[in-house]
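> for reference, the sequence and a predicted model appear below.
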Amino acid sequence: MRVLSGDARTALFAPLDDGWGRSEAVARRLGGAIALGLIEDGEQLPPEQELATSLNVSTLTLREALADLRSKGLVETRRGRTGGSFVRVSESALAGLSRARLAQVGVSDLRELGDLHATIAGSAARLAAERASPTEIGRLRDLARRLASVRNESELRRVDGRFLIELAASAQSVRLTMLEIELQGEMAQLAWLRPRHRPEELSALRLAVAEAVARRRATRARRLVEDEVAATTRLLIDDHIALTLTPVDRGEADG
Amino acid sequence: MAEARTTALDLVVGEVIESVFDTVEDILREALHRHRRHGAAGGLTEDDVRAMVPGLHARLREPGQLAVGMGLILEPGLLPSQPLCLEWWQQAAGSEEPVRLEVDLHPDSLDFYDYAATDWFAIPRRTHRRHVVGPYVDVHGTDRYLLTLTMPIEADGVFLGVAGADVPLTRFESVVLGCLGSAVEAVLTNGEGRVVLSTSSRWITGSLVSRDERRRSRSLPNLPWAIYEPVGSSPD
């Protein structure tokens, strides 16, 4: 069990505001952090007051969000001296949350998310090709190879997420790294209704990126990354449309 | 390499880096002292490591402390009760109390932090010498742009682990540039040819210098760094 630490993790708790209910947004964001593996099973959440402050919501809103997560089985609250709110990783509850989110957003929201991600990850790739050290290139190659031997879809996503974070770090940019982590947090809130890549395919694609970085071919590195984001965004939009054509019960989809 | 000379940048960089290594050496000495208290064979325990935490906090809070993170990392398997041991504390942004770095130390886990393979651990272990890693974006800790300074902790030829400190590059740079006064065009690079700091926007921190510039740089003693001075250097 561990208490939250690190700016990467606080990025996930940055103030949020969109048209939807705030408590729902809080619940979704925490759900995304759980899905990304940034918060682990059994981990204790910070005290209510602290968490509410960092999310910039009232304690009342936070309590509603926690109650929502509790009812979905994602958070467990214990009383007493060793009490507090603890994370329970439940794949089916996460799937329910992320399906509801994918149905809720609009096509242009997904397109915007894809545009921004292509910009961030593409720039990271270009700069990494100029600045990555041999050690960093080695790490990129390792992660790309690991993609070929993942055991399941969620592991594939996490290793690929790590690849893109490592790419931004190789660009020597703290800001691109933070933005990449934040975007992954946002994308983790959306359902993947089907596998987007075969592991060996994605592995070959990321190896090609690592090679372009190693050979200092900035334009190629950028294009490879941007093209993958664009392709993934199209699949996400198709999934969204499919979900919207067949309405799901938002409250308890597969919950 | 160009001929050995000493300039203001050499002196200032040396002085600032030594002040951080002094702190690291304090941690190292305390670890060795505790190790030796267990008789001739020595032997650090989990309690020893825990007992060092208040000292780490005090050092982190010292006024003018450049380091924002410090601690000790033990050789895998040294503590039977805790095969992987990383006791690292950081002064987190927006928090008064130092925060313990928590990383995943389960070897089977997807996010396993294999510290024994990192340069700041493996290089001092192999070379028996101190080392500086960076600048690099620390994705495992605080997402800062850092230099990590480490020294091997060795007792009678046995490697126990490393003591170390993290210095944000910006702090290091402000102090060095502040002490430098006049600005002769000069670039400080690390062992990978990456700019650590420079006195000109022609070389920007984090970028790589050309092979030719690397060739014309002169190495600094006792540091994995080199200095390139465009005006003063000549191809040899």
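Received the coordinates, thanks. Residues are numbered from 1 along each chain as shown, chains lettered A, B, ... in the order given.
> do you know how far residue A:144 is from chain B?
Distance, residue A:144 to chain B, by C-beta to the nearest C-beta, to the nearest Å: 15 Å. Quick note: C-beta positions are derived from backbone N, CA and C, even for glycine.
> run a quick neighbour tally on that residue.
23 (other C-beta atoms under 10 Å in any protein chain shown).
> show me what contacts it?
Taking C-beta atoms under 8 Å, 6 or more residues apart in numbering or on different chains, we find residue A:144 in contact with A:163, A:203, A:206, A:207, A:209, A:210.
> which one of the residues you listed sits closest to chain B?
Nearest to chain B among the contacts of residue A:144 is residue A:163, at 11.7 Å by C-beta to the nearest C-beta.
> quick check: which ranges of chain B have low pLDDT?
B:1-6, B:40-42, B:93-95, B:183, B:232-236 (pLDDT under 70).
> correct me, but residue B:139 touches residue A:177?
Yes: at 6.3 Å, residue B:139 counts as touching residue A:177 under the criterion of C-beta atoms under 8 Å.
> can you give me the helices for chain B?
B:8-36, B:46-51, B:53-61, B:119-127, B:169-180, B:211-215 (DSSP state H).
> in the shortest one, what counts as buried?
Buried residues in helix B:211-215, counted by 16 or more other C-beta atoms under 10 Å in any protein chain shown: B:213, B:214.
> distance to chain A added to the helices of chain B, as a markdown table?
A markdown table is the format used below for these (distance: least, C-beta to the nearest C-beta, whole Å):
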| stretch | distance to chain A |
| --- | --- |
| helix B:8-36 | 20 |
| helix B:46-51 | 17 |
| helix B:53-61 | 15 |
| helix B:119-127 | 6 |
| helix B:169-180 | 10 |
| helix B:211-215 | 12 |
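> any chance of those helices in a markdown table, plus distance to residue A:184?
Listed next are those as a markdown table, based on distance: least, C-beta to C-beta, whole Å:
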| stretch | distance to residue A:184 |
| --- | --- |
| helix B:8-36 | 33 |
| helix B:46-51 | 34 |
| helix B:53-61 | 31 |
| helix B:119-127 | 26 |
| helix B:169-180 | 25 |
| helix B:211-215 | 35 |
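> for chain B, which residues are neighbours of chain A?
Within chain B, the positions near chain A by C-beta under 8 Å from any C-beta of the partner chain are B:92-93, B:99-102, B:110-111, B:119, B:135-137, B:139, B:141-145, B:192-194, B:205-208.
> of those residues, buried ones?
Buried positions within these, assessed by neighbour count (16+ other C-beta under 10 Å), are B:92, B:99-102, B:119, B:135-137, B:139, B:141-145, B:192-194, B:205-208.
> low-confidence ranges, the stretch 101-250 of chain A, go.
In the stretch 101-250 of chain A, residues with pLDDT under 70: A:247-250.
> domains of chain B?
Here the domain parsing of chain B from automatic domain parsing is B:8-168, B:172-228.
> figure out which of those is closest to residue A:85.
Among those, the nearest to residue A:85 by C-beta to C-beta is domain B:8-168 (17.8 Å).
> closest residue of chain A to chain B?
For chain A, C-beta to the nearest C-beta, closest residue to chain B: residue A:172, 3.4 Å.
> is it true that that residue touches residue A:130?
No: contact criterion C-beta under 8 Å: residue A:172 and residue A:130 do not qualify, at 9.2 Å.
> okay, the two: which has more neighbours?
residue A:172 (28 against 16).
> and of the helices of chain B, who's closest to residue A:145?
Per C-beta to C-beta, nearest to residue A:145 of the helices of chain B: helix B:119-127, 20.0 Å.
> pLDDT on the helix or strand where residue A:26 lies, on average?
Using DSSP states H and E, residue A:26 sits in helix A:22-36. Averaging pLDDT along helix A:22-36 yields 74.
> give me the next element, helix or strand, following that helix.
helix A:48-55.
> would that next one count as contacting chain B?
No: against chain B, helix A:48-55 shows no contacts by C-beta under 8 Å from any C-beta, the least distance being 9.2 Å.
> tilt between that helix and helix A:22-36?
With axes from the mean of the first three to the mean of the last three C-alpha atoms, to 10 degrees applied, the angle from helix A:48-55 to helix A:22-36 works out at 90 degrees.
> strands along chain A, start to end?
Applying DSSP state E to chain A gives strands spanning A:75-78, A:84-87.
> re the thing from before, give the intersection of the neighbour lists for residue B:139 and residue A:177.
Residues within reach of residue B:139 and of residue A:177 at once, by C-beta under 8 Å, 6+ apart, are A:165, A:169.
> quick one: stretch B:165-176 to chain centroid distance?
11 Å (C-alpha atoms, centre = their mean, to the nearest Å).
> just the C-alphas of that stretch, formatted as CSV.
Output in CSV follows, covering the C-alpha atoms of stretch B:165-176 (Å, rounded to 0.1, in the frame of the first residue of the first chain):
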residue,chain,number,x,y,z
ALA,B,165,21.4,13.1,-4.1
ASP,B,166,19.2,14.6,-6.8
VAL,B,167,19.8,18.2,-7.8
PRO,B,168,17.3,20.0,-10.1
LEU,B,169,19.3,21.2,-13.1
THR,B,170,17.9,24.7,-12.9
ARG,B,171,19.2,25.1,-9.3
PHE,B,172,22.6,23.9,-10.3
GLU,B,173,22.7,26.2,-13.3
SER,B,174,21.5,29.3,-11.3
VAL,B,175,24.2,28.8,-8.7
VAL,B,176,27.0,28.2,-11.3
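> what about residue 177, how many neighbours?
Assuming you mean chain A. Residue A:177, neighbours per other C-beta under 10 Å, totals 28.
> actually it's chain B I care about, not the one you picked
Neighbour tally, residue B:177, other C-beta under 10 Å: 15.
> now it: how far from residue A:117?
36 Å (C-beta to C-beta, to the nearest Å).
> ok, residue B:201 next?
Distance from residue B:201 to residue A:117, by C-beta to C-beta: 30 Å.
> ok, now how distant is the closest residue to residue B:222 other than its chain neighbours from chain A?
Distances taken as C-beta to C-beta, 6 or more residues apart in numbering or on different chains put residue B:130 closest to residue B:222, at 7.6 Å, once the chain neighbours are dropped. Separation of residue B:130 from chain A (C-beta to the nearest C-beta): 18 Å.
> name the residues contacting each of residue A:172 and residue A:130.
With C-beta under 8 Å, 6+ apart, residue A:172 and residue A:130 have common neighbours residue B:207.
> now residue A:194. Its backbone dihedrals?
Phi and psi for residue A:194, reported as degrees, to the nearest 10, are phi -150, psi 160.
> and it, how many neighbours?
Neighbour number of residue A:194 under other C-beta under 10 Å is 10.
> and residue A:127, by the same measure?
23.
> returning to that earlier point: mind putting the contacts of residue A:144 in CSV, distance to chain B included?
Below are those laid out as CSV (distance: C-beta to the nearest C-beta, whole Å):
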residue, distance to chain B
A:163, 12
A:203, 15
A:206, 16
A:207, 19
A:209, 17
A:210, 17
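> just the ones of those residues in helices?
Those of the contacts of residue A:144 lying in helices (DSSP H): A:163, A:203, A:206, A:207, A:209, A:210.
> which outside residues touch stretch A:84-97?
A:1, A:27-28, A:31, A:34-35, A:39-45, A:47-48, A:66, A:72-78, A:189, A:191, A:252-255.
> what residues sit buried inside it?
Using 16+ other C-beta under 10 Å as the test for burial, stretch A:84-97 gives A:84, A:85, A:87, A:88, A:89, A:90, A:93, A:94, A:95, A:96, A:97.
> tell me which two of these sit farthest apart.
Taking C-beta to C-beta as the measure, the buried residues of stretch A:84-97 span a maximum distance of 26.0 Å, between A:84 and A:95.
> quick check: residues of the stretch 101-250 of chain A near chain B?
A:130-131, A:133-136, A:155, A:158-159, A:165-166, A:168-169, A:172-174, A:177-178, A:181.
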